[in-house]
Structures are given as C-alpha cells and as structure tokens.
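Peer 1: Below: sequence and its predicted model.
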Amino acid sequence: MQNSGPFTIRDNISGFAKLSTSGFTAKYTQNFSGTTLTVIGDYSHLQKDYQEDSDASPYTLFEFFNGSKVDQQSLEARLNGGDEKLNWTAGLYGLRIAGSYYEGWIGPSSSLPKSSTILRTPTPATASRAHGHMVNFPIGPPAAFRPNGGIPETKSPYDL
C-alpha cells in the first residue's frame with residue numbers, strides 16, 4: 001500500500017490470524033456375551049499463527065505475535081457389563097500432547113528491543129487414568145454413596 005501523502009507512512013506489520021486443524025476419531029465396539037469392549041482413539045493437529053499491531057498507530061511501537069504447532073493423541077479402552085443388580089465399567093485412558101510454541105513482540109528498532117520466546121516439547125506431556133465404577137443399584141445406597149474410583153497419572157516436564 002503506497003503512502004497517501006507527505007505526512008503518512010506505512011511502517012507496521014499487517015495483522016493476521018491463521019488457524020489450521022485436522023484430525024480423526026475412531027470407535028470400535030464388540031459384545032462378548034454380556035460384556036462390552038469399547039475402544040476409542042483420537043488424533044488431532046493444530047497449527048496457529050497470529051500477529052497484531054498492538055499500538056494501532058502508523059509507527060512501529062508495539063507489535064505482538066504468537067503461534068503453535070501441536071499434535072494430540074488419545075486412546076480409551078473400557079469394558080462394561082452387568083445384570084439387574086449391578087452395572088459396572090472398568091477401563092484405561094491415555095493422552096499424549098507434543099508441540100512447539102512461540103511468542104514475542106517487536107518495538108521500534110531505535111529504542112525498544114525485540115523479544116521472542118520459543119518453547120518446544122522434546123518430551124511430550126502425557127496423562128493416563130485407570131477407572132472403574134458401579135452404577136444402577138436397584139435397591140441400595142443413594143447415588144452420592146455409590147462406589148467410584150480411579151488412579152490418575154500425569155507426567156509432564158513443564159508446569160501446565
């Protein structure tokens with residue numbers, strides 16, 4: 001874009017937001033004589049790039065940018081069954097997230113410094129959970145007293 005007169009300039013970056021996602025989910029269910037196996041897998045990819053002229057002036061005073069490239073995978077496997085007295089579910093769940101992230105700002109080259117931070121996840125963050133619970137007692141304790149339990153595990157080299 002050309003300048004429109006002697007007192008105007010174009011010295012800023014153009015702002016934009018670019019977002020790209022893709023992924024898929026698959027589910028498998030099989031009944032084994034009253035016990036049902038369900039397996040659900042998911043994958044997603046996200047790429048984001050963002051930039052803005054934060055000061056909204058014709059000069060380069062403060063311009064901010066950030067972005068990410070992230071992959072996520074999850075898998076759940078569970079068994080459930082029961083009869084007229086007791087229904088039950090037991091299973092495992094796992095989650096893995098790996099990505100790289102950046103952010104920073106730019107000021108005028110003559111007075112303010114430039115800053116940029118890049119974070120990559122060489123060791124992906126993971127989470128898993130073993131769970132089980134019983135529901136639908138025809139005669140028994142109210143819902144608030146029904147047994148439910150799980151063993152969570154989270155592992156990340158970062159403060160999330």
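Peer 2: Alright, I've got the coordinates. Residues are numbered from 1 along each chain as shown.

Peer 1: Helix or strand with the lowest mean pLDDT in the protein?
Peer 2: One helix or strand of the chain scores below all others by mean pLDDT, DSSP states H and E: strand 148-155, with a mean of 61.

Peer 1: just the helices in this protein please.
Peer 2: Read by DSSP state H, the chain holds no helices at all.

Peer 1: quick one: low-confidence parts of it?
Peer 2: 1-13, 58-60, 108-124, 128-160 (pLDDT under 70).

Peer 1: What count of nearby residues applies to residue 106?
Peer 2: 21 (other CB atoms under 10 Å). Yep, even glycine has a C-beta here, placed from its N, CA and C like the rest.

Peer 1: my read: it touches residue 63, true?
Peer 2: Yes. At 4.6 Å, residue 106 and residue 63 qualify as touching, with contact defined as CB atoms under 8 Å.

Peer 1: ok, which stretches of this protein are strands?
Peer 2: 16-32, 35-53, 63-82, 87-106, 115-120, 125-135, 148-155 (DSSP state E).
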